[in-house]
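**Student:** Give me the fold of what follows.
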Amino acid sequence: MAAYKVEICGVNTSTLPILKEEEKASLFQRIQEGDKAAREEYIKGNLRLVLSVIRRFAGSNENVDDLFQIGCIGLIKSIDNFDPTMNVKFSTYAVPMIIGEIRRYLRDNNSVRVSRSMRDTAYKAIHAQELMTRKNNQDPTLSEIAEEIGIPEEDIVFALDAIQSPVSLYDPIYTDGGDTLYVMDQISDKKNKEEKWVEELSLSDAMKRLNERENRIIRLRFFEGKTQMEVANEIHISQAQVSRLEKAALKNMKQFLSVR
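**Tutor:** Numbers count the residues shown, from 1 in each chain. A predicted model of the protein is given here:
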């Protein structure tokens, strides 16, 4: 990607406004009432958020103007879908969506082109998997998906592999309140959860030392295999808060077990 510029897509980034929290709340209320001018002002007031995200893609060799425009699409989608009643900061909600929009752009425009038919196969398989999971309350096997959509298993494997964009588990997703959240924090592992060491070490006593919210977070994360975002939505706090509480709870539990 080209060196970071002061002017991107004709926008002088050094003059971009910075909205205060009370201004954001007021503007968003007007947006929900259909005020288009407030929507434009809210977008301009959050363009620095897009800039902070595209800096993470400095090694992609993509044109910074293109990434900025794609990031703005992610920002607009975030504004249109944000629910302020969820008690989550807008930046916490928007950054992952902006990153996702840019990743899709990079995936769809990389040097290794994926044919339309292969993409169609992959999307059919993903759609079928989602429908079958909802219907049967469990993940279908590859053979079941193949039978459902009438496509050979090996073709599905090739198609799904072709549309993947490699990501490190340690890639940062966003930072909120000083704590960086990584890809690995988003992953739900239903087969190899920490139930193994829970069972082996009998953590019931350690769990009793946690307060009610910490106890619930640990149970949702490691007994039910939910992601931090799912837990955040369920107990109505931000994902960053879930991360901090989870780490503190695990630390307390391990300290308790170490002295037993």
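**Student:** What distance do you get for the residue nearest to the spatial centre of the chain to Met229?
**Tutor:** Nearest residue to the geometric centre of the chain (C-alpha atoms, centre = their mean): Pro96, 4.6 Å. Separation of Pro96 from Met229 (C-beta to C-beta, to the nearest Å) stands at 8 Å. From N, CA and C alone the C-beta is placed, and that goes for glycine too.
**Student:** In three-state terms, how would Pro140 be classified?
**Tutor:** For Pro140, the assignment made with DSSP: H, G, I helix; E, B strand; the rest coil gives coil.
**Student:** number of nearby residues for it?
**Tutor:** Neighbour count of Pro140, defined by other C-beta atoms under 10 Å: 19.
**Student:** now swap in Lys135 and tell me
**Tutor:** Using other C-beta under 10 Å, Lys135 has 9 neighbouring residues.
**Student:** Then Val53?
**Tutor:** Neighbour number of Val53 under other C-beta under 10 Å is 23.
**Student:** Per-residue pLDDT of Phe223, please?
**Tutor:** Predicted confidence (pLDDT) for Phe223: 78.
**Student:** Repeat that for Asp176.
**Tutor:** pLDDT for Asp176: 48.
**Student:** Tell me where this structure has helices.
**Tutor:** 21-32, 36-45, 47-54, 64-81, 90-108, 116-136, 142-149, 153-162, 195-201, 204-208, 212-218, 228-235, 239-258 (DSSP state H).
**Student:** Mind listing residues that contact the fifth one?
**Tutor:** Taking C-beta atoms under 8 Å, 6 or more residues apart in numbering as the criterion, the residues outside helix 90-108 that touch it are 24, 28, 46, 49-50, 52-54, 56-57, 60, 62, 66-67, 70-71, 73-75, 77-79, 81-82, 84, 86, 163, 165, 167, 173-174, 176, 238-240.
**Student:** Name only those of those that count as buried.
**Tutor:** When the contacts of helix 90-108 are checked for burial by 16 or more other C-beta atoms under 10 Å, the buried set is 24, 28, 46, 49-50, 53-54, 56-57, 60, 62, 66-67, 70-71, 73-75, 78-79, 82, 173-174, 176, 238-240.
**Student:** Quick one: residues contacting Ala125.
**Tutor:** For Ala125, the contacting residues are 145, 149, 151, 156, 159-160, by C-beta under 8 Å, 6+ apart.
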